[in-house]
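S.K.: when you get a sec, could you give me coordinates for this:
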Amino acid sequence: MNDTSAPPAGLARTPLSEQHRALGAKLVEFGGWEMPLSYRGIVDEHRAVRAAAGLFDVSHMGEIELIGPQAAAACQRLTTNDVRRLGNGHVQYTLLCREDGGIVDDVTLYRVDDQRYFFCVNAANIAKGLAWIEEHAGAAAVVDRSAATASLALQGPAAADILARLTSLPLSDLRSFRFARGEVAGMPAFVSRTGYTGEDGFELYVDAARVVDLWGALLGAGAPVGLEPVGLGARDTLRLEAGFPLYGHELDDQTSPLAAGLQRWVRLDGEDFIGRAALRREREQGSPRRLVGLEMRGPGIARRGYRVSFEGAAVGIVTSGTMSPTLGRAVALAYVSAALANPGTMLAVDVRGRSIPAEIVATPFYRRPRPAEPAAPEAQPEGEAAPAPGGGEPRVGAAADAPAAAAGDTAAAPGAPREGES
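M.R.: Predicted structure coming up:
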């Protein structure tokens, strides 16, 4: 039986707390929040997302808005990516950095219009991110919408079909890393084609007072095609298979985006931003350590904090690891000495006192299958239009569809979560 007892007092709860309890969720503490770890079981929920769809409560994430004529300039100064590339309705994966290049948080940035942007920040970093943004926002107004906003993630190959049952928004026109405003199940919502699983999917932002109704409507619409509620356990194994870093594991204040393999989202030769000078020095001198993917070549699972060695000498540390439900083998992310960070290098992981062989491999570990390319159309009679080319759903999310590293980078670094074209 699942343990549905209340976690320690003082934890924040999302508006869906009672729904999680009613579904028998196992509740845990995460970043100061009471959150569902799993409902039916981590592996079963993981497989449901890969095969059909899963629904995640991500209302613990924060939403921080910048408003006014100086909002774009403030976002440009605060973030590593190029805000000028964003049009209305665009989303961008980016990072907030300290002056020394350490990562304050990795975020998604939404452009509503030329005077309104909002950041989606990690749950454990809401207070820190808000303080940092307020300190560096200049003349832009900063509004914390976190308490008033709830969000759900609908992820998996059936996600678009499920959502289409509840909205008139033209989802087929909504590309990866774009969002639209409209109604879902009769409720005003921001619908963003983004996610953290390596599958097609959406993140939906609604008024916190209405998220219970939206949760129920989505589960009802998706039940016939296998939609399941999914907890943090499967969210973690899904993102790890897709090679996505997690703040507090792969990313922190002491780690730079370059060491984490996130060069693609750092515009070092563009507009100035906080931390650019330090990161340019690091680019010139080289990062002493690099984040890589590992596959275990012996029995054992590499867990966070396990030592990584080369020829008996310690050379790194595991940041995340699991037995991949999709691949059937143990995979991990780890920081290792830069000189060793090349695919094919054989290392070892200390698993409970045993030295287990592990090979550095390119990430992501899992890529979403692509539909077969359609055959070339036959010649059409004059005046009859040829059929439009196929090709499946738009690319979604970060590294599941992205190069493992920036051009010219030989390390097997993971890609960025929620990566878009910007």
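S.K.: okay, and the beta partners of residue 27?
M.R.: Going by DSSP bridges, residue 27 is paired in beta bridges with residue 36.
S.K.: what's the pLDDT at it?
M.R.: Looking at residue 27, its pLDDT stands at 97.
S.K.: now it: how far from residue 11?
M.R.: As for residue 27, its distance to residue 11 is 9 Å (criterion: CB to CB, to the nearest Å). The way it works is simple: take the backbone N, C-alpha and C, and place the C-beta from them, glycine included.
S.K.: any common contacting residues for these two?
M.R.: residue 34 (CB atoms under 8 Å, 6 or more residues apart in numbering).
S.K.: looking only at neighbour counts, state which of these two leads.
M.R.: Higher neighbour count among residue 27 and residue 11: residue 27, with 23 against 17, using other CB atoms under 10 Å.
S.K.: right, and that one touches residue 33 too?
M.R.: No: between residue 27 and residue 33 there is no contact under CB atoms under 8 Å: 10.0 Å.
S.K.: now stretch 98-115: mean pLDDT?
M.R.: On average, the pLDDT along stretch 98-115 is 98.
S.K.: count of residues packed around residue 94?
M.R.: Considering only other CB under 10 Å, residue 94 is surrounded by 30 other residues.
S.K.: Provide the partner residues of it in its beta bridges.
M.R.: Judged by DSSP bridges, the bridge partners of residue 94 are residue 107.
S.K.: CA-only coordinates of the strand or helix carrying residue 109 in PDB, if you can.
M.R.: Secondary structure assignment for residue 109, by DSSP states H and E: strand 103-113. Output of strand 103-113 as PDB, limited to C-alpha atoms (Å, rounded to 0.1, in the frame of the first residue of the first chain):
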ATOM      1  CA  ILE A 103      24.500  29.100 -12.200                       C
ATOM      2  CA  VAL A 104      21.800  30.800 -10.200                       C
ATOM      3  CA  ASP A 105      19.100  28.800 -12.000                       C
ATOM      4  CA  ASP A 106      18.200  27.300 -15.400                       C
ATOM      5  CA  VAL A 107      14.900  28.700 -16.600                       C
ATOM      6  CA  THR A 108      12.500  29.000 -19.500                       C
ATOM      7  CA  LEU A 109      11.800  32.600 -20.600                       C
ATOM      8  CA  TYR A 110       8.500  33.400 -22.300                       C
ATOM      9  CA  ARG A 111       7.900  36.600 -24.400                       C
ATOM     10  CA  VAL A 112       4.200  37.600 -24.200                       C
ATOM     11  CA  ASP A 113       4.800  40.900 -26.000                       C
END
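S.K.: report the distance from the helix or strand that comes right after it to the chain centre.
M.R.: Where DSSP H and E defines the elements, the next helix or strand beyond strand 103-113 is strand 116-121. The chain centre lies 15 Å from the centre of strand 116-121; the measure is CA atoms, centre = their mean, to the nearest Å.
S.K.: which of the residues in the following helix or strand past strand 116-121 are classified as buried?
M.R.: Counting by DSSP H and E, the element after strand 116-121 in chain order, helix or strand, is helix 126-136. Neighbour-count burial for helix 126-136 flags 126, 128, 129, 130, 132, 133, 136 (criterion: 16 or more other CB atoms under 10 Å).
S.K.: helix 126-136 vs strand 103-113, what angle?
M.R.: Counting by axes from the mean of the first three to the mean of the last three CA atoms, to 10 degrees, helix 126-136 lies at 70 degrees to strand 103-113.
S.K.: residue ranges for the helices of the stretch 201-350 of the chain, please.
M.R.: 211-222, 232-241, 276-285 (DSSP state H, counting those that start in this stretch).
S.K.: out of those helices, deepest packed?
M.R.: helix 232-241 (a mean of 25; mean count of other CB atoms under 10 Å).
S.K.: packing partners of it?
M.R.: Here helix 232-241 touches strand 33-38, helix 42-51, strand 313-323, strand 330-337, going by 3 or more CB pairs under 8 Å, 6 or more residues apart in numbering; DSSP states H and E.
S.K.: point out where the stretch 151-300 of the chain drops to low pLDDT.
M.R.: The stretch 151-300 of the chain contains no residues with pLDDT under 70.
S.K.: hmm, I was thinking of the stretch 1-150 of the chain
M.R.: Scanning the stretch 1-150 of the chain for pLDDT under 70 picks out 1-9.
S.K.: how far away is residue 198 from residue 240?
M.R.: Noted for residue 198: a distance of 10 Å to residue 240, by CB to CB.
S.K.: who's in contact with residue 65?
M.R.: The contact partners of residue 65, by CB under 8 Å, 6+ apart, come to 116, 117, 118, 119, 142, 143, 144, 145.
S.K.: now the buried residues of helix 126-136 as JSON lines including distance to residue 220?
M.R.: Putting those into JSON lines (distance: CB to CB, whole Å) gives the following:
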{"residue": "126", "distance to residue 220": "31"}
{"residue": "128", "distance to residue 220": "37"}
{"residue": "129", "distance to residue 220": "34"}
{"residue": "130", "distance to residue 220": "35"}
{"residue": "132", "distance to residue 220": "40"}
{"residue": "133", "distance to residue 220": "37"}
{"residue": "136", "distance to residue 220": "44"}
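S.K.: how about those, which pair is most distant?
M.R.: Using CB to CB, the pair of these lying farthest apart is 126 and 136, separated by 16.4 Å.
S.K.: which phi and psi does residue 160 have?
M.R.: The phi and psi values for residue 160, taken as degrees, to the nearest 10, are phi -60, psi -40.
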